[in-house]
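>>> sequence unknown, structure follows:
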């Protein structure tokens, strides 16, 4: 009897133990942590907020920046209630205006009327984020339409000094955002950015900060500003021969990644809650609805990317009521949709090769290696009775590489097939939605993979029908 018990235990151990061999590039610890908190806010704020522009000219008088009731704690309360993990602020946009009193510019809050030149947005926001438990990130545009040194080698030193300044005074940052825009400065010249020095410096002074740009090194742009990752989305990207800005990979490559890419550089989806990125009073009635935001979530986070949603403060320095209402509705949809995993609530059972693995995948308690013969088997989810559903969540353990190339889902009510579709890539977080139906049996088949698939989570949900992908 003891020998039989040991044999069964060893067979189970073979299936459940994590393999130690990675396949292809794998994420770093900080990249994994970043992907585990996939939703946060972007905040475009500066002179453009008061001049009604999107791209400032750099010649704006500093006195235009004068929020009457700036309250970063209000930003953080709303962000927290919306379920966001952090806030990334445009510390310096293309106009060159700095939201902190920089020692390397004369176009900053120190020259504004706001608080008689004694204000510091970054200080207030960093303190508010720490108090609320939110992470803080920074957007620092290398383009500067105001600085007199822009267009000369000296400006690269200015930009590096600014990076050191903000990291030292306001860090740590969970993410640092580099925009690849490169236009003319006040002297009519364009800058040759020393990206190598920029990256080297940031790695030295903020080694735990994730760095975003067209080609990473840690996060890539998704190739559009609609907040949508590709239906196929590899966390891998080839960067050799490409550059930030004009020399970046094609947008469709950024959107989908490279199946055999040499670098682990996951996608981040940026989109604004309004038509513009900065606050414009004329857009108060054009804020995206909670349903639209939830649909974007399904096409970003639901396809394995992170979502950075821009919510621009108004001229008071507050998140407007219309934006806040949309965020709360968005949060409600996510909570109502994903709080209840039907596998758990309906006492469903997950089988693989006749073994009950519900406690591993249904609860997300561990990894499950499907083994070398995965193409010949199907994962089976059985419900006691037909159950309404329209969304399935799947998750790979990407610490060992992104492996699944394609998979299919089949739903049955009794012996009748009610839905069937094939999908590409699974990755860190995959949500597939479909028209609502009743089913008591689900088959999930891995059609193709680079190596033995390792799954880390599985869920079945009923989400609002109006946001389901048709």
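Everything's here; your move. Quick caveat, the model's predicted, so the values are computed rather than measured.

>>> ok, how many other residues are close to residue 77?
16 (other Cβ atoms under 10 Å). Backbone N, C-alpha and C define where each C-beta goes, glycine included.

>>> Contact partners for the closest residue to it other than its chain neighbours?
Leaving aside its sequence neighbours, residue 77 sits nearest to residue 132 (Cβ to Cβ, 6 or more residues apart in numbering; 7.1 Å). Residue 132 makes contact with 73, 76, 77, 79, 80, according to Cβ atoms under 8 Å, 6 or more residues apart in numbering.

>>> Next: residue 139.
By Cβ under 8 Å, 6+ apart, the neighbours of residue 139 are 42, 88, 89, 90, 91, 92, 93, 177, 179.

>>> My assumption is that the fourth one lies in a strand; please confirm.
Yes. When DSSP: H, G, I helix; E, B strand; the rest coil is applied, residue 90 is found to be in a strand.

>>> Could you measure from it over to residue 41?
12 Å (Cβ to Cβ, to the nearest Å).

>>> what does the model give the residue nearest to residue 77 for pLDDT?
Per-residue confidence (pLDDT) for residue 132: 98.

>>> Also residue 246?
88.

>>> Surely it is in contact with residue 182?
Yes. Applying Cβ atoms under 8 Å, one finds residue 246 in contact with residue 182, separated by 7.4 Å.

>>> hey, where'd the helices end up in this protein?
For the chain, helices defined by DSSP state H occupy the ranges 2-16, 29-35, 47-51, 72-81, 121-132, 153-170, 195-205, 251-256, 290-300, 321-338, 342-345.

>>> how many neighbours does residue 372 have?
With other Cβ under 10 Å as criterion, residue 372 counts 9.

>>> Look up how far residue 354 lies from the closest residue to residue 422 other than its chain neighbours.
Counting by Cβ to Cβ, 6+ apart, residue 422 lies nearest to residue 408, which is 4.4 Å off, once chain neighbours are set aside. Using Cβ to Cβ, one gets 20 Å for the distance from residue 408 to residue 354.

>>> and those two? which has more neighbours close in?
residue 408 (14 against 7).

>>> Could you pull up the mean pLDDT of the longest strand seen in the chain?
In the chain, taking DSSP state E as the definition, the longest strand is strand 430-449. What strand 430-449 shows for mean pLDDT is 97.

>>> again with stretch 389-409
97.

>>> For the contacts of residue 139, name the two members farthest from one another.
42 and 92 (14.5 Å; Cβ to Cβ).

>>> Those two - which one has more neighbours?
Remark: of residue 42 and residue 92, residue 92 carries more neighbours, 29 against 23, as counted by other Cβ under 10 Å.

>>> Quick check, the more buried one in contact with residue 99.
Yes. Contact status for residue 92 versus residue 99: in contact at 7.2 Å, counting by Cβ under 8 Å.

>>> how much space between the residue most central in space within the chain and residue 144?
Residue closest to the mean C-alpha point of the chain, counted by Cα atoms, centre = their mean, is residue 306 at 1.6 Å. Residue 306 sits 27 Å away from residue 144, taking Cβ to Cβ as the criterion.

>>> Next: residue 432.
Counting by Cβ to Cβ - residue 432 and residue 144 are separated by 44 Å.

>>> Could you do residue 246 as well?
18 Å.

>>> which one of those two has more residues nearby?
Neighbours per residue, other Cβ under 10 Å: of residue 246 and residue 144, the larger number sits with residue 144, 28 against 9.

>>> which residues sit in contact with the closest residue to that one other than its chain neighbours?
The shortest distance from residue 144 to any non-neighbouring residue, by Cβ to Cβ, 6+ apart, is to residue 96 (3.9 Å). Counting by Cβ under 8 Å, 6+ apart, residue 96 touches 58, 105, 107, 144, 145, 146, 147, 150.

>>> List the residues that contact the nearest residue to residue 436 once chain neighbours are set aside.
In this structure, residue 436 finds its nearest non-sequential neighbour in residue 390, 4.1 Å apart by Cβ to Cβ, 6+ apart. Residues counted as contacts of residue 390 (Cβ under 8 Å, 6+ apart) are 433, 434, 435, 436, 437, 461, 462, 463, 465, 468.

>>> Fine by me, thanks again.
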